[in-house]
Each structure stands twice: as C-alpha cells, then as structure tokens.
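Q: below are the sequence and a predicted model for it; my questions follow.
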Amino acid sequence: MKKNTPNSELQTEGLTDAVLALDIQKFVPVLTEAQKRSIIDYYELNKRYVKEYQEEALLEFRDHPVWGPIIGQMSPEMMEAQSKYSEVLQEAAIYHNSWEPYLKNMAEQGIVYAKMGVNFKDWLEVVLLARKYIVRMIEKEFENDIRQALSCMQGMNYLLDIALAVIGESYVVEEKNKSRKDLQETNESLERVVEERTEKLAESLDREKKLSDLKSTFVSMASHEFRTPLSTILSSVNLAEKYVANGEPEKSEKHFTRIKTMVQNLTEILQNFLSIDLLEQGEVSTEKALFNLRFFLADMLEGMESLKKDGQQILSRFRGEDVVFIDKKILRNILINLLSNAIKYSEKDIKLDVKVDNDYISIKIQDFGIGIPEDQHHQLFGKFFRADNAQTVTGTGLGLHIVKHYLELLEGSIDFESKEGQGTTFFLKLPAHPKKQIEKPSQLSEKAALSKK
C-alpha cells in the first residue's frame, strides 16, 4: 500500500521516477562531532522560535508572484501536516543520522514546486528570508554568548546548504526530464506529421495511379469504341451527300438519324469517363430543388426517342404526387443511363414504372433483352465490368458503376433481378423529400418478390 505523505496532494505524474534519478546518497553529509553539535544547537533553537518566524514569513510571502498563489491554495491543516512531517524527518536525520528520507523529501518538494512554476531563484528568496529570521532569533537568544551564537549559525548554514544542494539537483533532473519529454513530444508530433503526409502521399499516388489507369483504359477503349461510330458517321455523311446531290433528300433522313445516334453514343462514352473521375474524387455535389416529376419524365423520354430501335417503345406509367425535391440533373443522368442500357441490350419494349408515395420515389425499369449471367451478378456495379454476353454491344462498363455513385449522393438505393436470355429489372428508391431513410437493397428485393406474387 502506498504511503500517504503531506506532499501527496501536490505530487504529479513522473515524480517517483524523477526522485529515483537523483543520487541522494552523495548529499548525505559526513559530519564531525562539532558539526553535529552545531546542527543540534541550531535545530533546538529553531524549534522554539519556528512558529513565530513562520507566521511572519507567510505574511511576507502572501503577495509574492510565485509563492503567493501556492500558499493561498494550501489549507492551514495541510501546512501543519507538512511542517510536522518535515520535522519528524529532520529529527531522524539530525539525532539518528538517517539522512536519506529527509533528503528525499527535500528533493520531492523541489520537483513538485518546479512543476508548479517555482524556479530556483524563488527558493533562494526563501532561504535568504529564513536566514534573516534565524539571525534575528540567534541575536535575541545568545546576545552575550558569542560561541553559542556561532555554533547555531554554523548549524544553520550546514542544513540550508544541504537543502539548497538537493533542491538544486532536483531542478537539474526535472529540467532533463522536461527536455526529454519535450523531445519525445516533438518526435511523436513529427512522427504524426510524417504519417499524415505519408498517408496523403499514398492517397495522392493511388489517385494518380487510378487516373493513369483510367486514361490508359480510355485510350484503349476509345480506339476500339470510337472506330465503329466514326466509321458509321463517315459512311452516313457520304451517303446523305449523295442522296441530296441526286435530288433524293428523303432517302438521307435515315442516315441523319444514324449520325445522331452515333454522336449520342460517343457523347455517352465521354460523359461516363468525365463523370467517374469527378465522382471518385468527391467533386460532385447535389443541387436539390422542387420540380414536377411527371413533366420531367415526359421531357426526358421525348429526348430519348432517337435512341430507340425500330419498333421499340418505352412504356411508361406514373402514379402519385407530381412535385418532388431532388437533384434533377443527377436523376436525369441515372434514368438515361439505365434506359439507354435497356434500349441497347433489348430488341423489345421497355417498361418504366414511377411511383411517388409516402415521401419516396420508387422506380422500376424492365427490359426483356439478353439479361446478365447469374454468376456475374456480384460484379454488375464494378468499374469497367461488362458481362460476357454483352461484349458485342458498344459500351464502357462504367454506366452502372456511375449510377450507384449517383444514388449514394442522393441517399437512394438500387437493386436488380436478371436472368440470362430473359431480361433485367432495376429497382430504385429515392427520397422524394429531405431526410428520409432508404431501405436496404435486400429489403427492396423482398418487396419486389412479394409484388410478383
């Protein structure tokens, strides 16, 4: 069990280690009998007058800039206990030559007060004040006994010199500890800075690598994906010019339509590459606004007419509230991406079902095309993923990856069902108004299954 001393209330972390770092033994005095007698004479005189000069000294130090606040924090009981404890240790040192406990106590006081902002100069002021009171005490007691007065003076000097030496050494140790601690904190701070910068550098390098990979993939894909649309555009332009020159402009119409379709394909490829870079760097923000969703969908579908294959229709149904609060641009990108895929990978009609209910927008997009192989479902939203049965169709493999990112920005969710050769259905759920919790994709799948029943 730890011994409780009067210094306990003032002790701070690291005190024991600091005291242990002191070589107390070297301060233990080797005294002659005469010196011992002088110290005893001084000590016995001091005991008779200590109360008197302590009270005067306390009054004098009340206004001291350093000692004053410390004295103000100490209760009379605490000061009394500390005084008695020091007296017990001092008597053991003087009468029984047990100096180490007394010197350790002095060292503890030096370290404790150093931690509280007391410097060695402040201790010198205490010693000078003590000397002043002790000299006055000796003059009063031994006015006509010079030999006894000198003996007490010598005893006083021995004890005060020993106390100052120990306290001074404790300051040296504490300064070393503080320097070591400051150095350790500096090193730890530098290590943190290095770790943070290393992490940022790693992130930057990773981002650069991803960008480089993206550029390489783009160059590779562009050389492949751009070749067919550009060849088609060139061929259609030549044929359209020929028909116009021959006075048959009506025959050029299908070629102009084909040119528009190819340009839209190229635009989609470029848009996907630009979007994924911005999304992955977190540079896309939402701009939500109130708008009429029914009119918005009608306008969007009209703009997609040129993408549809011959005889293909988008069969749309809208139910629920007209007005929603969401990012119109991002929603348009999501729907165009999914509907474009449905058009590309299917020859049949596409179904678009939109419902606004209970503050949610529920969207179902269904095609009856080539579908997705079951063993590749888990890869569907991966970057650059293209199913094995979709390699002959123009595309970047970025569309669904981008859609997923966009839905996360809108706090929405996406799920799907697909069978190879039968088609694919996507289920989307988004908040129609602010601060709505979206159900997990698994829950959406369960609801979709139940709706079929």
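A: Looks like it came in fine.

Q: rounded mean pLDDT for the longest helix seen in the chain, please.
A: Ranked by residue count under DSSP state H, the longest helix found in the chain is helix 146-225. Confidence for helix 146-225, expressed as mean pLDDT, is 80.

Q: can you check stretch 418-433 too?
A: For stretch 418-433, the mean per-residue pLDDT is 92.

Q: give the next helix or strand downstream of whichever helix or strand residue 259 is part of.
A: Element membership for residue 259, per DSSP states H and E: helix 253-280. Note on helix 253-280: by DSSP H and E, the next helix or strand toward the C-terminus is strand 289-292.

Q: any buried residues in the helix or strand just after that next one, and which?
A: Going down the chain from strand 289-292, the next helix or strand is helix 293-303, by DSSP H and E. Applying a neighbour-count criterion of 16 or more other Cβ atoms under 10 Å, one finds 293-294, 296-297, 300-301 buried in helix 293-303. In short, each C-beta sits where N, CA and C put it, glycine included.

Q: just stretch 97-116 next, same as before
A: Neighbour counts over stretch 97-116 (16+ other Cβ under 10 Å) mark 99, 102-115 as buried.

Q: tell me which of those is nearest to residue 68?
A: residue 113 (13.3 Å; Cβ to Cβ).

Q: now the helix or strand harbouring residue 71: average pLDDT?
A: Remark: residue 71 resides in helix 67-73, with elements defined by DSSP H and E. Averaging pLDDT along helix 67-73 gives 81.

Q: kindly export it (C-alpha atoms) in PDB.
A: Output in PDB follows, covering the C-alpha atoms of helix 67-73 (Å, rounded to 0.1, in the frame of the first residue of the first chain):
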ATOM      1  CA  TRP A  67       4.800  31.700  -3.700                       C
ATOM      2  CA  GLY A  68       1.700  33.800  -3.000                       C
ATOM      3  CA  PRO A  69      -0.800  31.700  -5.200                       C
ATOM      4  CA  ILE A  70       0.700  28.400  -3.900                       C
ATOM      5  CA  ILE A  71       0.300  29.400  -0.200                       C
ATOM      6  CA  GLY A  72      -3.200  30.600  -1.000                       C
ATOM      7  CA  GLN A  73      -4.100  27.100  -2.200                       C
END
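
Q: what packs against it?
A: helix 33-61, helix 120-141 (3 or more Cβ pairs under 8 Å, 6 or more residues apart in numbering; DSSP states H and E).

Q: list the buried ones in the shortest one?
A: Judged by neighbour count (16+ other Cβ under 10 Å), helix 120-141 contains these buried residues: 122-123, 126, 129-130, 133-134, 137-138.

Q: gap between it and the chain center?
A: 56 Å (Cα atoms, centre = their mean, to the nearest Å).

Q: how far off helix 33-61 does that helix point, in degrees?
A: Helix 120-141 and helix 33-61 are oriented at 110 degrees to each other (axes from the mean of the first three to the mean of the last three Cα atoms, to 10 degrees).

Q: picking that back up, quick one: closest of the helices and strands packed on helix 67-73 to residue 386.
A: The nearest among the helices and strands packed on helix 67-73, by Cβ to Cβ, is helix 120-141 at 78.2 Å.

Q: average pLDDT for the closest one?
A: 83.

Q: helix or strand: which one has residue 31?
A: Judged by DSSP H and E, residue 31 forms part of no helix or strand.

Q: look up how far residue 307 lies from it.
A: Noted for residue 31: a distance of 107 Å to residue 307, by Cβ to Cβ, to the nearest Å.

Q: residue 109 now?
A: Separation of residue 109 from residue 307 (Cβ to Cβ) stands at 88 Å.

Q: from memory residue 315 sits against residue 352, does it?
A: Yes: contact criterion Cβ atoms under 8 Å: residue 315 and residue 352 qualify, at 7.0 Å.

Q: ok, these two, which is more surrounded?
A: residue 352 (20 against 10; other Cβ atoms under 10 Å).

Q: and that one, what's its pLDDT?
A: 95.

Q: just confirm it is within a strand.
A: Yes: counting by DSSP: H, G, I helix; E, B strand; the rest coil, residue 352 is part of a strand.

Q: state the distance from the closest residue to it other than its chain neighbours to residue 417.
A: Distances taken as Cβ to Cβ, 6 or more residues apart in numbering place residue 316 nearest to residue 352, at 4.3 Å, with adjacent residues excluded. Counting by Cβ to Cβ, the gap from residue 316 to residue 417 is 20 Å.

Q: now swap in residue 173 and tell me
A: 75 Å.

Q: about what we covered before: distance from the host helix or strand of the residue nearest to residue 352 to the middle of the chain?
A: Assigned by DSSP H and E, residue 316 belongs to strand 314-320. Put simply, strand 314-320 sits 46 Å off its chain's centre (Cα atoms, centre = their mean).

Q: mind listing what it pairs with, with the direction of each?
A: strand 350-357 (parallel) (DSSP bridges).

Q: tilt between the strand it pairs with and helix 293-303?
A: In terms of direction (the same axes, to 10 degrees), strand 350-357 departs from helix 293-303 by 160 degrees.

Q: so where's the stretch 1-150 of the chain shaky on pLDDT?
A: 1-22 (pLDDT under 70).

Q: repeat that with 90
A: Where the stretch 1-150 of the chain drops to pLDDT under 90, the residues are 1-32, 41-87, 90, 94, 97, 99-150.

Q: before we move on, back to that, buried ones in the strand holding residue 316?
A: Under the neighbour-count criterion of 16+ other Cβ under 10 Å, strand 314-320 has 314, 316, 320 buried.

Q: of these, which is the nearest to residue 233?
A: residue 314 (25.1 Å).

Q: from residue 68, how far off is that closest one?
A: Counting by Cβ to Cβ, the gap from residue 314 to residue 68 is 87 Å.

Q: could you do residue 341 as well?
A: For residue 341 relative to residue 68 (Cβ to Cβ), the value is 81 Å.

Q: look at the two and report which has more neighbours.
A: residue 341 (22 against 12).

Q: from what I can see the more buried one touches residue 402, true?
A: No: Residue 341 is beyond contact range of residue 402, at 11.4 Å (criterion: Cβ under 8 Å).
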